[in-house]
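Peer 1: Using only what follows, build the 3D model:
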Amino acid sequence: MSVPTRIRTSAKAVVLHEGSVLLTRNLWNGRECHFLPGGGQEIGESLPDAVRREVREETGLTVKVGPLLWVLEGWWDDPSGLATENFHRVEIVFLCTVDGSAELVGGTEQDIDQIGLDWVPLEKITSLETLSPRYRDHMAPLVSGDIPRAAYLER
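Peer 2: Below you'll find the predicted structure:
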């Protein structure tokens with residue numbers, strides 16, 4: 001039996017501060033990994049508003065939203081057949097900077113799998129095995145201070 005597929009739009013942030021990028025630390029499928037902060041867009045909410053809200057909820061930080069970096073599109077189908085729905089995901093990633101304090105106090109509505117927050121020095125990003133290579137590779141220009149060109153990334 002086929003299950004329905006739902007489109008899920010989310011806004012993600014590459015938050016830069018003093019030569020580092022903010023990542024959430026998560027326990028995902030039994031292993032520790034890093035994600036960009038952000039999450040699902042709500043009905044009637046603009047993407048910049050969604051990324052500001054999600055970063056605040058997950059990290060406690062307020063950010064200024066800058067240019068669009070990437071649009072990442074992919075599909076997730078549960079091979080076990082146990083899922084009640086599959087996902088067509090569209091992630092929109094923005095370059096952001098901290099607006100106010102950069103102290104990591106934690107958010108009020110962290111994801112269930114989130115176990116921490118890390119400011120990761122940009123020079124370590126390209127070798128950070130716990131971050132998806134899809135993001136690692138596209139974040140490489142930030143190490144030398146260049147802003148990556150906006151790109152469409154397909155899984």
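Peer 1: What ranges in the protein fall below the confidence cut-off?
Peer 2: 1-4, 76-85, 107-108, 110-111, 155 (pLDDT under 70).
Peer 1: List the contacts of residue 122.
Peer 2: Listed by CB atoms under 8 Å, 6 or more residues apart in numbering, the contact set of residue 122 reads 16, 19, 20, 21, 139, 142, 143. Any C-beta I mention is one placed from the backbone N, CA and C, and that applies to glycine too.
Peer 1: who does the third one bridge with?
Peer 2: If I follow you right, that is residue 20. Beta bridges link residue 20 to residue 17, residue 121, judged by DSSP bridges.
Peer 1: these two touch, right, it and residue 121?
Peer 2: Yes - under the criterion of CB atoms under 8 Å, residue 20 makes contact with residue 121 at 5.2 Å.
Peer 1: between these two, who's got more neighbours?
Peer 2: Counted by other CB atoms under 10 Å, residue 20 and residue 121 do not tie: residue 20 has more neighbours, with 17 against 13.
Peer 1: and the contacts of residue 122, which are buried?
Peer 2: Burial by neighbour count, judged by 16 or more other CB atoms under 10 Å, picks out 16, 20, 21, 139, 142 from the contacts of residue 122.
Peer 1: isn't there a strand covering residue 26?
Peer 2: Yes - per DSSP: H, G, I helix; E, B strand; the rest coil, residue 26 lies within a strand segment.
Peer 1: What count of nearby residues applies to it?
Peer 2: Residues near residue 26, counting by other CB under 10 Å, number 19.
Peer 1: mind listing what the nearest residue to it once chain neighbours are set aside touches?
Peer 2: Using CB to CB, 6 or more residues apart in numbering and skipping residues adjacent in sequence, the residue nearest residue 26 is residue 113, 4.6 Å away. Counting by CB under 8 Å, 6+ apart, residue 113 touches 26, 27, 28.
Peer 1: okay, those in JSON lines with distance to residue 89 next?
Peer 2: Shown next, in JSON lines, are the contacts of residue 113 (distance: CB to CB, whole Å):
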{"residue": "26", "distance to residue 89": "16"}
{"residue": "27", "distance to residue 89": "20"}
{"residue": "28", "distance to residue 89": "15"}
